[in-house]
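J.: got a sequence here, can you model it:
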Amino acid sequence: MSIDDELTSTIIASRKKSDDGSLVIYNLTKGIDFSNPKSVANSLAKVFFEKDAVNWFKVDRDNIEFNPTYKVRILLAAEHNDLLGKTVDDFLEDFKKEEINKRFVRQIDDISTNEEKISTAVGLGALGALLNKPFARRDDKTEVEDLMFTEILEALEIRTPDNSDLINWEKLPI
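T.: Residues are numbered from 1 along each chain as shown. Below you'll find the predicted structure:
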């Protein structure tokens, strides 16, 4: 198993859902090596997208709905100080630029080349169909990506165990 696969497995194992289903917590305060913030961020973005974000999209014919049914909280230990900011920034950037638009290229391409699949697409397909439909201008696509990214952030918290917010809202990659 590669280091990235081990990291991904550790992140998946840290994922716990509340009894009432209203909150998912990724407790990354122990067992994660933050010496490579980019790698941690990439694995976290991958797991978050595959386990949570894709479940919030629903396709009904040509209509794509985004409806987060629960909050996600990512807990990071405060003692990693300098690496935390870099990890959070990298996570947000990876999630927006790679996970949303690149990670599931095959599924996205399948849908964009076969219009009939749009009516039955769910999850990844819904997201892919939205992001890869033709836009009149590149700015339109960027605007849609930014809007979707912002909506996802409304359902996401990145905090320390003492409840300090770790998202630098002024440095978001939008």
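J.: can you pull out the helices in this protein?
T.: 3-14, 37-51, 81-94, 105-113, 124-132, 138-153 (DSSP state H).
J.: can I get the first one as PDB, trimmed to CA atoms?
T.: This means helix 3-14. This file holds the C-alpha atoms of helix 3-14, laid out as PDB (Å, rounded to 0.1, in the frame of the first residue of the first chain):
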ATOM      1  CA  ILE A   3       1.800   6.300   1.500                       C
ATOM      2  CA  ASP A   4      -1.100   8.100  -0.200                       C
ATOM      3  CA  ASP A   5      -3.300   5.000   0.100                       C
ATOM      4  CA  GLU A   6      -2.400   4.700   3.800                       C
ATOM      5  CA  LEU A   7      -3.200   8.300   4.300                       C
ATOM      6  CA  THR A   8      -6.500   8.000   2.500                       C
ATOM      7  CA  SER A   9      -7.400   4.900   4.600                       C
ATOM      8  CA  THR A  10      -6.500   6.800   7.800                       C
ATOM      9  CA  ILE A  11      -8.700   9.700   6.800                       C
ATOM     10  CA  ILE A  12     -11.600   7.400   6.000                       C
ATOM     11  CA  ALA A  13     -11.200   5.600   9.400                       C
ATOM     12  CA  SER A  14     -11.300   9.000  11.100                       C
END
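J.: tell me which other helices or strands that helix touches.
T.: Judged by 3 or more CB pairs under 8 Å, 6 or more residues apart in numbering; DSSP states H and E, helix 3-14 is in contact with strand 23-27, helix 37-51. C-betas here are computed from N, CA, C, even on glycine.
J.: what comes up buried for that helix?
T.: Of the residues in helix 3-14, those with enough neighbours to count as buried (16 or more other CB atoms under 10 Å) are 7-8, 10-11, 14.
J.: would you format those residues as CSV with distance to V24 and pLDDT included?
T.: Below are the buried residues of helix 3-14 laid out as CSV (distance: CB to CB, whole Å; pLDDT from 0 to 100):
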residue, distance to V24, pLDDT
L7, 18, 92
T8, 16, 92
T10, 16, 95
I11, 12, 93
S14, 10, 95
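J.: which of the helices and strands packed on helix 3-14 sits closest to N67?
T.: N67 lies closest, by CB to CB, to one member of the helices and strands packed on helix 3-14: strand 23-27, at 15.3 Å.
J.: and the closest one, what's its mean pLDDT?
T.: Regarding strand 23-27, the rounded mean pLDDT is 94.
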